[in-house]
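Trainee: sharing a model that was predicted from the sequence below.
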Amino acid sequence: MIGDLLWENSILFERLQRKLTETNFRNEERRRLVRKLVARVNRSVLNHRRSLPSCIVPTAGGQHSIVLPSGASRVLLAPPERPKDIYAMTDGGKNKEPKENLALPRGRKKGNSDKRFVQPIPLDSMGRPIFPIELPGIEVHCLGEIDNKRPGYHTEDLLFPIGFCSSREFAAVTDPLHSCTLYTCTVNDNGPEPKFEVSGDDNPAVVYSGRTPDEAVSALVSALNVALAKTQTLPGLPVLPPGKGAQFFGLSIPTIHHLIQ
């Protein structure tokens, strides 16, 4: 009787081992196929990229460089820059204390803002975003570098990384009724506070700038209203609501905000 039970248990154990092996094999095959599919999708996305703004030019090293309105140029880094460690190690590394006189960016409020949808984006083999990042209505070419030391480069809800660059299509100031143009939005180092600039491919010599995204985009809206007034066909655009400038730049889009953090 005992021998029969042992024999039956050994058969059941062997079957269980076989099933586990088959399951592991199928899981590994599924992961391999998913990786292959993701790689194919990434290649397809790269092959269908839209043309870059006129101020962004490829360099010899395979990267891209943005020519700022001031004439200076900046290489667009592929991986997003992460903030440096804002703590000084003390007591042999047992405790962490904030450095003195260091302005720390305030975290976003908990609540509904943390539940916003973050859209999946293509990643390379190292898990880094593939630039430009294409989102509905906007492309991000560089996430920039976070400055933790100057309080003017962040608010309670947003971060303003130096070198951030995005582009989107909007009504052209030269012909707002019949054509659109590609606008390039950049965040530049301007001492204690950043400088936000918007320039259109229809007239790159004209730059709309401000101390905040709202100021820069409001300057663009004002120029469009002047152009619309000359046509005497349509009424002017309404006053820019607060916060819409950051949305125009892409800084408040949940996916981009998540990557910057």
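Mentor: Nice, thanks for sending it over.
Trainee: alpha carbons only for contacts and neighbour counts from here, please
Mentor: Noted.
Trainee: what does the pLDDT read for the nearest residue to Asp189 once chain neighbours are set aside?
Mentor: Using Cα to Cα, 6 or more residues apart in numbering and skipping residues adjacent in sequence, the residue nearest Asp189 is Ile162, 5.9 Å away. pLDDT recorded at Ile162 is 92.
Trainee: His178: neighbour count?
Mentor: Around His178 there are 8 other residues, counting by other Cα atoms under 10 Å.
Trainee: for Ala223, same thing?
Mentor: 16.
Trainee: contact partners for it?
Mentor: Shown here is Ala223, whose contacts under the criterion Cα atoms under 8 Å, 6 or more residues apart in numbering are Val173.
Trainee: assign it to helix, strand or coil.
Mentor: helix (DSSP: H, G, I helix; E, B strand; the rest coil).
Trainee: distance of it from Glu156?
Mentor: 30 Å (Cα to Cα, to the nearest Å).
Trainee: same deal with Thr233?
Mentor: 41 Å.
Trainee: and the longest strand belonging to the chain, which strands flank it?
Mentor: Scanning the chain for the strand with the most residues, using DSSP state E, yields strand 180-188. The strands beside strand 180-188 in its sheet (DSSP bridges) come out as strand 165-171 (antiparallel), strand 195-200 (antiparallel).
Trainee: single out the most deeply packed of the ones you listed.
Mentor: strand 195-200 (a mean of 26; mean count of other Cα atoms under 10 Å).
Trainee: counting by contacts, list what whatever helix or strand comes next after that one packs against.
Mentor: Moving toward the C-terminus from strand 195-200, the next helix or strand (DSSP states H and E) is strand 207-210. The contact analysis (3 or more Cα pairs under 8 Å, 6 or more residues apart in numbering; DSSP states H and E) places strand 207-210 against strand 195-200, helix 213-231.
Trainee: kindly recompute the last result at 10 Å.
Mentor: For strand 207-210, the packing partners by 3 or more Cα pairs under 10 Å, 6 or more residues apart in numbering; DSSP states H and E come out as strand 180-188, strand 195-200, helix 213-231.
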